[in-house]
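**Student:** Using only what follows, build the 3D model:
(chains A and B)
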There are 2 protein chains.
Amino acid sequence: MTSQPGTSAPARLDLTLDGGALTARLVDQPSVSGDERELTDLVEQALRELPHLTVERFGNNVVARTELGRAERVVLAGHLDTVPIADNLPSRVEGDLLWGCGTSDMKSGVAVQLRLAATLPAPNRDLTFVFYDCEEVEASRNGLGRLAAAHPEWLKADFAVLMEPSGAMVEGGCQGTLRVKVRLTGVRAHAARSWLGDNAIHHAAEVLGRLAAYQPRTVLIDGLEYREGLNAVDIRGGVAGNVIPDECVVTVNFRYAPDRSPEQAEAHVREVFAGFPVEVTDSAPGALPGLDRPAARAFLAATGGQARAKFGWTDVARFSALGVPAVNYGPGDPNLAHKRDEHCSLTAIAECEQRLRDWLTGPVESNE
Amino acid sequence: MTSQPGTSAPARLDLTLDGGALTARLVDQPSVSGDERELTDLVEQALRELPHLTVERFGNNVVARTELGRAERVVLAGHLDTVPIADNLPSRVEGDLLWGCGTSDMKSGVAVQLRLAATLPAPNRDLTFVFYDCEEVEASRNGLGRLAAAHPEWLKADFAVLMEPSGAMVEGGCQGTLRVKVRLTGVRAHAARSWLGDNAIHHAAEVLGRLAAYQPRTVLIDGLEYREGLNAVDIRGGVAGNVIPDECVVTVNFRYAPDRSPEQAEAHVREVFAGFPVEVTDSAPGALPGLDRPAARAFLAATGGQARAKFGWTDVARFSALGVPAVNYGPGDPNLAHKRDEHCSLTAIAECEQRLRDWLTGPVESNE
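**Tutor:** I've put the predicted structure just below:
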C-alpha cells in the first residue's frame, strides 16, 4: 500500500481503490502540518482528471465542485495534515483495523471524500469538496481559515459536513474555548526569613481550590448534550530553591457549550475567579449544532437519525461564522486522534462512505 | 579606592587602611564565585608578609595561624566570593554608607579579619584566619567544606566566629533546611473532554491549602528565638494549552529550628503532606547555638552580651559538624545580602573590629 516499486516520484492516487485501501495509501504519504505539498499535489492531480469537477487551488488547499445547478449545495471538507509521526508509519492492517498516523484524524475521512468525488458525477445536490492544510497547528495557519478569508465564495453552501473523526456519528456544533491566565502575586524574600515575604504560590491554593470544586454544566441544545469543563492546563511559579516566590501563574482553559457567547464565557470565568486578576489569552467561539435547519435534518435522517454534541473545537465553527450550518461526521474515532496507537475501522470507513452516498443519491425532499 | 594608577597588575592589599577603606578595596577587586583567584592571591600575599603568621593555601582558600601556644584557639572565618555583580561596582561612599556588591556579604567581614591578622601579633588566644571560596554557590563547591574534608586539622579550634553579615549582632547556630518535591499525578486527556482525565494541577489545591494554613513554630533555644517556615518555592505543571495535565510538582522548602534533626524535620514534612508522595531532594542540618559553652559565653560577653538566632543556613553548621561551636558575627546587614542596593555602615565595620580586638586582647578568664 506504499509507493509503487520501480518509481521514484510518489505514485498517483488511484481513486478506484476501496475506502480502506485508499486511506492506507494516503497515510503512507506523510503530510505533517507544514509539509502537505506532495499530498496536495496528488489530490489536485487526481481531482483534475475527473471531468465533472472544476478544481481550484490556493496554496496547499484544493477545492473541487460540481456545477449541476442543483437546488442545494453541500460541502464535504477535510484537512490533509496530521500531527507529527510517532513511530507509527507505514500503515498496517490487522483484521478490521488500519493502524498508523492519520488513519483516524483524518485520512479515512479524506479517502471517503475522494471516493465520493470520483464516483458521484451526478449527485442530487451540488457538491463542494474542500481539502486544506495546517489544521493541527496554530489557528493563524489553518488552511480553511485562509481559504475563508481569501475566497469565501468557494465555500458558499447550504450545509457542510466536516469529516473529522466522529466515530461515524453526526456530531453537531462545537464547544467554545477560552484560555485565561490567573496571576497571583506576592513579595519575594529569602526562604530562611519567609515571614518577610508573601508566598504567591500559596495564594494559588484558593484558585486551585475553586477549580477542584467547580461543577461544570451539562446543557441540552437541539437535543444534544454538551459537557463543559474548566481546567488548569498550566501552573508556573518559583524563583529559586531558597526564595519565597512573588509570582505564580495559573493558565485555565474553559470549554463551554455553544449557548454561551465568548463574552458570556469570559464573564463566567471572571465570576469564578472573583477577587483574582484574570487575563484572556485566547478565545474561539463555539458553534450551535443547527440541527433544526432543513439541510441538517435531511442529512441526519440519511445517516441514521442519531447525533451527539461535539466537544473539541473544530473547523465547523469556521463554517458557522460563514453562515453555513455544519456538522462533524467522519469514520475515525475521536478518542484515538493524536495517539501513537491511532487506528481506524475499515468497516467504519465503508459505512461512512455508503451513508453519504445514500444521502447524495436518494430523493431530495421538496420541502427542503 | 580602586587599582592604583599607573600599574597594570592589581595593587597589593594595604592592611594599614582602616576597615572601611580596606572593605572598599576588596569590593573593587571583583570575586564572583568561581572567579576568586586574583583576590585570593592578594590575600595570601598580604598575609605572607606578616611574620607572626604561618600561611597555608589550598585551591583558592587561605588559612593563616598564630602559633603562640595559647590555652585556647579561635577561628575567624569568611568567604571571599560574592554573588554576581548587579551594576553595583565600583564601590562608593555616601556619608556613613559604603555601597557595592559584597560590601555587606561579606567583604566588610573579610576586611575586619585582615585588619586583626595584621595588627594582633600577640593575641590572648591563638588565632586561625580562614578565607575561602565558593560560598555563594552549590554546597559541593564550598571552599570551607572542601577544606574541612582535605585538611580538617587546619580548622581545629575551641570556638569559631564566622564573619557573615549579622548586623554586628552575635547570631547563634543556624536553622536546618530541607527541600522536598511533592508530586501530584493524574490522567492526561484532551481539555475538550476533561471528564476523561484527572487534573494533576487540581490535586495541588490540597497541598497548597495545607501550606497556606500551616502555622510555623517559634522555638527558644539557649534564649534565642528561632522562627521556622514551610514554603512552596516552585510549582510546575502542564503539558499543553489543550491537555488535562497528568503531573504537577510542588517543591517545598522547610527551614527548621536546630532542635530538630534532619530526620525529624523530614518526618514532620511527611506528616504535613500525609497522603501525598514526598521525595527529599536536599537536606542540611541546623546547628545548635552552643551559647552555653565557655568559649561562646566569653565571646558573647565581650561583644555586648546580646545574641539572636540565625535563620539562614550558614557555614557555622560546617564548624558544628567538626565539633567546633560557632557563631555568626559580622558588620554587614543580613537583610541587604544579594541585593542590588547592598551597602554597609562604616561605623559598624569599625565597631565590629574594635569589639573583636577587645576580646582578643583583654584578660582571659581562668575558668574558661
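**Student:** From now on I want contacts and neighbour counts done on CA atoms only, so please keep to that.
**Tutor:** Fine.
**Student:** Next to chain B, which bits of the stretch 251-368 of chain A? Give me the list.
**Tutor:** Applying Cα under 8 Å from any Cα of the partner chain, we find that the stretch 251-368 of chain A lies next to chain B at A:Thr251, A:Asn253, A:Arg255, A:Phe311, A:Gly312, A:Trp313.
**Student:** any idea which of the residues you listed is closest to A:Asn142?
**Tutor:** Set against A:Asn142, the nearest of these by Cα to Cα is A:Trp313 (13.2 Å).
**Student:** Isn't the closest one up against A:Leu288?
**Tutor:** No. A:Trp313 is beyond contact range of A:Leu288, at 11.8 Å (criterion: Cα atoms under 8 Å).
**Student:** what's the overlap in contacts for those two?
**Tutor:** Listed as contacting both A:Trp313 and A:Leu288 by Cα atoms under 8 Å, 6 or more residues apart in numbering or on different chains are A:Cys174.
**Student:** Looking at the two, which is more packed in?
**Tutor:** A:Leu288 (25 against 19; other Cα atoms under 10 Å in any protein chain shown).
**Student:** Now do that one against chain B, distance only.
**Tutor:** Plainly put, A:Leu288 is 16 Å away from chain B if you go by Cα to the nearest Cα, to the nearest Å.
**Student:** residues in contact with A:Tyr214?
**Tutor:** A:Leu230.
**Student:** on that earlier part again, tell me which of the residues of the stretch 251-368 of chain A next to chain B is nearest to B:Asn199?
**Tutor:** Nearest to B:Asn199 among these, counting by Cα to Cα, is A:Asn253 at 12.0 Å.
**Student:** helix/strand/coil for the closest one?
**Tutor:** strand (DSSP: H, G, I helix; E, B strand; the rest coil).
**Student:** Mind naming the longest helix for chain A?
**Tutor:** helix A:346-361 (DSSP state H).
**Student:** residues making contact with it?
**Tutor:** Contacts of helix A:346-361 (Cα under 8 Å, 6+ apart): A:19-20, A:96-98, A:108-109, A:112, A:115-116, A:123-125, A:167-168, A:299, A:302-303, A:330-332.
**Student:** ranges for the helices of the stretch 101-250 of chain A?
**Tutor:** A:108-119, A:143-150, A:200-213 (DSSP state H, counting those that start in this stretch).
**Student:** What average pLDDT does the second one get?
**Tutor:** For helix A:143-150, mean pLDDT rounds to 96.
**Student:** Any idea which residue of the stretch 51-200 of chain A lies closest to chain B?
**Tutor:** A:Ala192 (4.8 Å; Cα to the nearest Cα).
**Student:** quick one: least confident helix or strand in chain A?
**Tutor:** Least confident helix or strand of chain A, by mean pLDDT, DSSP states H and E, is helix A:294-302 with a mean of 80.
**Student:** Check which helices and strands that helix sits against.
**Tutor:** helix A:346-361 (3 or more Cα pairs under 8 Å, 6 or more residues apart in numbering or on different chains; DSSP states H and E).
**Student:** Below-threshold pLDDT in the stretch 251-368 of chain A: ranges please.
**Tutor:** A:294-295, A:365-368 (pLDDT under 70).
**Student:** again but with the stretch 1-150 of chain A, I slipped
**Tutor:** A:1-9.
**Student:** one step back: list the buried ones in the least confident helix or strand of chain A?
**Tutor:** A:Ala295, A:Ala296, A:Ala298, A:Phe299, A:Leu300, A:Ala302 (16 or more other Cα atoms under 10 Å in any protein chain shown).
**Student:** Ok, stretch A:270-278 next?
**Tutor:** Within stretch A:270-278, the residues scored as buried using 16+ other Cα under 10 Å are A:Arg270, A:Phe273, A:Phe276, A:Val278.
**Student:** One more: stretch A:183-191?
**Tutor:** A:Arg183, A:Leu184, A:Thr185, A:Gly186, A:Arg188, A:Ala189, A:His190, A:Ala191.
**Student:** Rounded mean pLDDT for it, please.
**Tutor:** Mean pLDDT, stretch A:183-191: 93.
**Student:** quick one: it to chain centroid distance?
**Tutor:** 41 Å (Cα atoms, centre = their mean, to the nearest Å).
**Student:** Tell me where the stretch 51-200 of chain A has strands.
**Tutor:** With DSSP state E, counting those that start in this stretch, the ranges of strands along the stretch 51-200 of chain A come out as A:54-58, A:61-65, A:73-79, A:92-94, A:97-99, A:126-132, A:159-162, A:170-172, A:176-185, A:189-190.
**Student:** Could you dump those strands into JSON lines with distance to chain B added?
**Tutor:** JSON lines is the format used below for the strands of the stretch 51-200 of chain A (distance: least, Cα to the nearest Cα, whole Å):
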{"stretch": "strand A:54-58", "distance to chain B": "29"}
{"stretch": "strand A:61-65", "distance to chain B": "26"}
{"stretch": "strand A:73-79", "distance to chain B": "20"}
{"stretch": "strand A:92-94", "distance to chain B": "26"}
{"stretch": "strand A:97-99", "distance to chain B": "21"}
{"stretch": "strand A:126-132", "distance to chain B": "22"}
{"stretch": "strand A:159-162", "distance to chain B": "18"}
{"stretch": "strand A:170-172", "distance to chain B": "14"}
{"stretch": "strand A:176-185", "distance to chain B": "8"}
{"stretch": "strand A:189-190", "distance to chain B": "8"}
